[in-house]
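> here is the input, now give the coordinates:
(2 chains)
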Number of protein chains: 2
Amino acid sequence: MKRRVFLKMKSVEEARTQFLERFGAPKAGGTEVVPTPEALFRVTAEAVYARISSPNYHSAAMDGVAVDAKITYGTTERNPMILKLGKDAEWINTGHLLPSGADAVIMVEKLHQIDEETLEISAPAHPWQNVRKVGEDIVATELLLPQNHLIRAYDLGALIGGGVFELLVRARPRVIIIPTGNELVDFKALARPEDLREGQILEYNSIVLSGLVRESGAVPEVYPLVEDRLDAIKNTLLRAADSGADLIIINAGSSAGSKDYTYHAINELGEVFTHGVSMMPGKPTILGALRETPVVGNPGYPVSATLSFEQFVRPLLYRLRGLSEPPAPTIKVFPTRNIPSRPGIEEFVRVNIGAVSDKVVATPLPRSAGSITTLTRAEGIIRIPLMSEGLSQDDEVEAELLVDRSEIYKTVVLIGSHDITLDVLADEIRRTGRGFRISSGNVGSLGGLMALRKGVAHAAGSHLLDTETGEYNYSYIERYLKGVQVALYQLVWREQGLIVKKGNPLDVNGVEDLQRPDVRFVNRQAGSGTRILLDYKLAQIGLDGSAIKGYDHEEYTHMAVAVDVKSGAADAGLGIYAAAKALNLDFVPVTQERYDLVIPHGFLERENVQMLLDIARSGQYRKRVSRLGGYEASESGKLLRVIG
Amino acid sequence: MKRRVFLKMKSVEEARTQFLERFGAPKAGGTEVVPTPEALFRVTAEAVYARISSPNYHSAAMDGVAVDAKITYGTTERNPMILKLGKDAEWINTGHLLPSGADAVIMVEKLHQIDEETLEISAPAHPWQNVRKVGEDIVATELLLPQNHLIRAYDLGALIGGGVFELLVRARPRVIIIPTGNELVDFKALARPEDLREGQILEYNSIVLSGLVRESGAVPEVYPLVEDRLDAIKNTLLRAADSGADLIIINAGSSAGSKDYTYHAINELGEVFTHGVSMMPGKPTILGALRETPVVGNPGYPVSATLSFEQFVRPLLYRLRGLSEPPAPTIKVFPTRNIPSRPGIEEFVRVNIGAVSDKVVATPLPRSAGSITTLTRAEGIIRIPLMSEGLSQDDEVEAELLVDRSEIYKTVVLIGSHDITLDVLADEIRRTGRGFRISSGNVGSLGGLMALRKGVAHAAGSHLLDTETGEYNYSYIERYLKGVQVALYQLVWREQGLIVKKGNPLDVNGVEDLQRPDVRFVNRQAGSGTRILLDYKLAQIGLDGSAIKGYDHEEYTHMAVAVDVKSGAADAGLGIYAAAKALNLDFVPVTQERYDLVIPHGFLERENVQMLLDIARSGQYRKRVSRLGGYEASESGKLLRVIG
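Now for the predicted structure:
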């Protein structure tokens, strides 16, 4: 099969409008009757009217006695009246039936009891005082709920109260999800995750899409994996259409590559309205139909599949339910750096969001559409408009929130050097159950200090060695954070060394071996504390970086370095012991170093920053860190110095 | 049993804090392992780490050829290089495994194919270009999700991708709900709602509470109705505590009346921390414990039960799940009138909210705690602080939203005279499925004009008869809306007459019969068009209101008048035919009148108001209205006049 180009690309707006106009109405007859207690979160399919009134009898609204008001007329304090119980008045409790002949209740506080049978009152009763009349809440025949109404808990009360014990609601839309792809593996086919072979990818888009379908109030059904063969895909699509689904999602094969059969399958069996939407991620989206069933071909990268779902499938599912999709909650943010973008494409940038200084700031996550963790780690998404060339860090823009707005204000933004114990901090701060969270960005130690200087982080992790004094961080802070008062807290001491393959097959025994032609090195990025350490160690033995193979091969985290060694992309890299241990690699110690937290003074009183320090000082944190190996955390959270 | 006074009343804040401090943490061991695809909306009970990396092999990030980068070094446009397929390069598709020896992908757009076996390139490849390296998304052993994390759809993807096929989550809290009350009837015990007898109330609080429990991510179990007897209540509480529930809700009997056993039952079996909270509705709330199980005694009125749940039970359920309850979304509103309140009690006022003119305005609904429809009809709740004497209509305040914020801007605020066809409008506007809604308030025709004058409504329903000209509305608008340009649209012609009991047993044949001493009349409130009509008809025959028994007995709607006649509270009332027909009453025609919609000119271009007029002109609306009887709607939505 030949490659094909996309149909003329449409904007998100244009593609969605066209799709919803064609399919975006509840199916005639797509309804069912459910008992009222089961109607929570369902949608009314027709107006619901009360069958009886509530209350359905005149009842006391107070504890007291029921009387016929007119017999009390003329009563005053000077001219009190005697009521005989059983004749003129009857005891009554709130909610109870007014006896026949009575039309008012005198509350107990206004009664003077003379004996078991006699009461005195000093004011007249007015007709219907302290009485809940029939229909005070609901009158038979009145409209209880209009059609297309999403039923909430208290709506159930109004329904039962109005005598509606069952009602007609919209059937939940049924969505069939078809995963395709030869390289994909169903996780259920593996005994253990470690059995996954090279060249295989765990299929999880169908699980994410099922979750999104459920979140949209619809019912997902996932078909077994289909091979990348045109006939297999066509047969499966036909089966799905025959099953009476309200919508079919096929994932993926939606691009224009030689193995992408989805377009051809839909086009040969039905029609394709849209192939290619000017959005990123999500461009290779297909919108089409098989007979009268809408079909969406979602791209294969997980972020693309998710965003494409949210733009096209979610609004459709809401419409099928008779609802309109509520807009995503948003928050105003300042980007922490410029975000360039290509005009002609609407870009969806995942961002970490935090409230630092008096601004809410957003730091872009990697744009890779293949990285699901850019969604799970994000607090929001910034949409860069179709014709924009990007955003400037001085422009306030709107971000769509992926977490509750309140969490933004409880998030500690921690930017700087990478360390594995930050994961432990991030987990321990959740133990409180009070909504605090840590969002961390790995930009190296110097990058962290710069982030503090710009006011876009609450704290920075740093391990910058002053090669003249042998001290960590002080001189760098004085130099790069001039004028900013900060407090320096120790987090951990940790072992740095060369991470090498299990068994150290190349027999790398120290930094001096890195110049050997058979050793492929993997470096950390400039500005990272580990890079500075390496360069210092090289200078000590008079070695230049250019003499090292792979010196230009940079990674941003200790774990990425370890992975390169593990996967054979490199033979050695400088990093922390815990990273080597985590991936079962060998480790050649080079030095011990201190890793600190730098926190501007102005943030120290904040509840979230206080919580961060409390966690650092907790026994639970220290215990978990020492179990990682290569760490010494007995003084974590100790104030080292106030600078500036 | 004697009445007892409340324990010292606590503020909401104080009572909640104390309750949560005692019980607000996840139960140790309250966890379960679930397969990842079933973990949506569950909460992690421990940190979740990746077991494998994703991707777990180096793969092509583009379609093209895989090469060993170093063989391409030195290639330029002037000095292109020939690659032999199968020897120097191999075709590769996005996502596929990099062959061994290769460390870069040259994308297809950069290749010049000479023949089946030969390619030419004009630039060198860099190591790892266009390659997704192992662990680019997820590195084995890294933290995927912290503990106490609410799992969203894409989190499921990160879990499966990281090789986590099942995980430990918090068990959903189990909540036992015990309904009590002799007057209560389980709806399942009735064959038809009309079988409900006088003195009986349909029990629905347990259904509302179950819904609220579900909304909070917990699992409700409702026990059968329990009699108002101390021993029965105690036995049921013990059974609930023995069943291992996480929380027991008993509803009601929580007040201090003689039949209120809940306090005594909890106090005798366990302990009561709080009896009486300074909130309204919701004051008679009990917070206590049986052994280690928290028990909440919720008040019996449905609004009280709901609000008490939201203040005490919902936050507890979130805490038991390891989460903190997100604050309710709010909106800034201006009350449309002063709202007095008693200092010393925090009041929860249900309000209708709409965006009129440039302000968002809130109109209080009736404060009755017995009226569940004050919740179902409300768009929000204003909390009047403990020590406040109330709100002034000029003070901007926050309202907690009960609907999505976007709906506020799609709501048509219609205040004025009551008419049954407004329900039909309210239902038909929902047919569009586009989120538009009508919020209507019944304050009479004159009240509606006043609301327009104050800028707190988009439209007013009015049928004010000018007794001199015989015309409707024009002269009133000129007088009361001086300076406001409005458009007057006809809605319907309708029949007004005397609503009387079926068979007209008192033989009421016209307004003149209302002076008879055996006829008890029920009137409409001053300022309503119907009241003006009555007074006009009385003046025509020289009758004075004071001569009519029940002239002071006022209701606010036609249906309330009809209900009074139906229930025997009155013998006759002036109202529309449709109200009489709805309750199967007899009707003595008095006149035909026109009912109009008055809309300020400035609102005519708004989408929601346009939609209102479109609906009024639709065949569907006219058809439904004529089926009600007593209406003539063939010219509904016709512009009658522009005034001012």
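
> all contacts plus neighbour counts: C-alpha atoms, from now on.
OK.

> A:Gln129 sits in which helix or strand?
Following DSSP states H and E, there is no helix or strand that holds A:Gln129.

> quick one: the closest residue in space to A:Glu407 that isn't next to it in sequence from B:Val169, how far?
Leaving aside its chain neighbours, A:Glu407 sits nearest to A:Gly435 (6.2 Å; criterion: C-alpha to C-alpha, 6 or more residues apart in numbering or on different chains). For A:Gly435, the distance to B:Val169 equals 17 Å [C-alpha to C-alpha, to the nearest Å].

> what of A:Gly288?
From A:Gly288 across to B:Val169, the span is 39 Å (C-alpha to C-alpha).

> now do the contacts for the nearest residue to A:Ile52 once chain neighbours are set aside.
Nearest residue to A:Ile52, sequence neighbours excluded (C-alpha to C-alpha, 6+ apart): A:Ala140, at 4.3 Å. Contact partners of A:Ala140, counting by C-alpha atoms under 8 Å, 6 or more residues apart in numbering or on different chains, are A:49-54, A:162, B:582-583.

> of those - the most surrounded one?
Within the contacts of A:Ala140, most neighbours by other C-alpha atoms under 10 Å in any protein chain shown means A:Gly162, with 29 neighbours.

> for the contacts of A:Ala140, which one is nearest A:His264?
A:Tyr49 (49.7 Å; C-alpha to C-alpha).

> quick one, what contacts whatever residue of the stretch 451-600 of chain A ends up closest to chain B?
Nearest residue of the stretch 451-600 of chain A to chain B: A:Ala582, at 6.2 Å (C-alpha to the nearest C-alpha). Counting by C-alpha under 8 Å, 6+ apart, A:Ala582 touches B:140-141.

> at 6 Å instead, please
Shown in contact with A:Ala582 (C-alpha atoms under 6 Å, 6 or more residues apart in numbering or on different chains): no residues.

> shouldn't the residue nearest to A:Ile52 be within a helix?
No: using DSSP: H, G, I helix; E, B strand; the rest coil, the assignment for A:Ala140 is coil, not a helix.

> quick one: name the residues of the stretch 51-200 of chain A near chain B.
Residues of the stretch 51-200 of chain A lying near chain B by C-alpha under 6 Å from any C-alpha of the partner chain: A:57, A:97, A:137, A:146-148, A:153-155, A:157-158, A:163, A:193, A:198-199.

> ditto for chain A
Proximity of chain A to chain B, by C-alpha under 6 Å from any C-alpha, involves residues A:57, A:97, A:137, A:146-148, A:153-155, A:157-158, A:163, A:193, A:198-199, A:204, A:208, A:211-212, A:322-324, A:371-372, A:376, A:427, A:430, A:433-435.

> quick check: A:Asp103 touching A:Lys70?
No: applying C-alpha atoms under 6 Å, one finds A:Asp103 not in contact with A:Lys70, separated by 9.0 Å.

> re the thing from before, which SS state does the residue nearest to A:Glu407 fall under?
coil.

> tell me the pLDDT at it?
On the pLDDT scale, A:Gly435 is placed at 88.

> any idea how far it lies from A:Val403?
Distance of A:Gly435 to A:Val403, given as C-alpha to C-alpha: 11 Å.

> show me which of those two is the more surrounded one.
A:Gly435 (23 against 15).

> so what's the backbone phi/psi at the more buried one?
The phi and psi values for A:Gly435, taken as degrees, to the nearest 10, are phi 90, psi 0.

> what's the domain layout of chain A?
Residue ranges for the domains of chain A, per automatic domain parsing: A:12-26+A:173-320, A:31-54+A:137-170, A:59-132, A:330-409, A:445-643.

> can you put these in JSON lines and add distance to B:Gly497?
Output for the domains of chain A, formatted as JSON lines (distance: least, C-alpha to C-alpha, whole Å):
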{"stretch": "domain A:12-26+A:173-320", "distance to B:Gly497": "41"}
{"stretch": "domain A:31-54+A:137-170", "distance to B:Gly497": "19"}
{"stretch": "domain A:59-132", "distance to B:Gly497": "24"}
{"stretch": "domain A:330-409", "distance to B:Gly497": "53"}
{"stretch": "domain A:445-643", "distance to B:Gly497": "67"}
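
> a markdown table for these, including mean pLDDT?
Converted to a markdown table, those look like this (pLDDT from 0 to 100):
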| stretch | mean pLDDT |
| --- | --- |
| domain A:12-26+A:173-320 | 95 |
| domain A:31-54+A:137-170 | 97 |
| domain A:59-132 | 93 |
| domain A:330-409 | 94 |
| domain A:445-643 | 95 |
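
> how about the ones you listed, which one is nearest B:Lys234?
If you check each of the domains of chain A against B:Lys234 by C-alpha to C-alpha, domain A:59-132 wins as the nearest, at 22.4 Å.

> distance from that closest one to the middle of the chain?
59 Å (C-alpha atoms, centre = their mean, to the nearest Å).

> quick one: end-to-end length of that domain, please.
By C-alpha to C-alpha, one end of domain A:59-132 lies 5 Å from the other end.

> ok, stretch A:78-95 next?
Per C-alpha to C-alpha, stretch A:78-95 runs 32 Å from first to last residue.
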